[in-house]
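Colleague: Fold the following and give me the result.
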Amino acid sequence: MGSPKQEVPTGYEIRIGGHLDQHWSVWFDGLTLTHESDGTTRLSGFVADQAALHGVLTKVRDLGIVLISVEAVDRAATPEADHQGR
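Modeller: Now for the predicted structure:
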């Protein structure tokens, strides 16, 4: 088995059921909240590592929100990449 990959910040898009108010962005570690027309919210941005991702998912669970999907995205393809200078 090879050595583990070094953890680097990775972009994620997490889709949840319902629309969350923007003030929840701080609680979700600064992820951007986008209300979708289908009644869902997309949380997008960077997380430092897998532990941070699991922390975000635990918050979704603790709020009793329906988790629809989690997708890793190319850092260059996310709008936050421009804002964070990465």
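Colleague: buried stuff in stretch 31-49?
Modeller: 31-34, 40-47 (16 or more other C-beta atoms under 10 Å). (C-beta placed from N, C-alpha, C; glycine too.)
Colleague: Ok, stretch 10-27 next?
Modeller: By neighbour count with 16+ other C-beta under 10 Å, stretch 10-27 contains the buried residues 10-16, 20.
Colleague: ranges for the strands of the protein?
Modeller: Applying DSSP state E to the chain gives strands spanning 10-17, 32-35, 40-47, 67-73.
Colleague: quick one: which of those strands is nearest His54?
Modeller: Set against His54 and scored by C-beta to C-beta, these come closest in strand 40-47, at 9.2 Å.
Colleague: what's the angle from the closest one to strand 67-73?
Modeller: 40 degrees (axes from the mean of the first three to the mean of the last three C-alpha atoms, to 10 degrees).
Colleague: Tell me which other helices or strands the longest helix along the chain touches.
Modeller: Ranked by residue count under DSSP state H, the longest helix found in the chain is helix 50-63. Packing contacts for helix 50-63, counted by 3 or more C-beta pairs under 8 Å, 6 or more residues apart in numbering; DSSP states H and E, involve strand 10-17, strand 40-47, strand 67-73.
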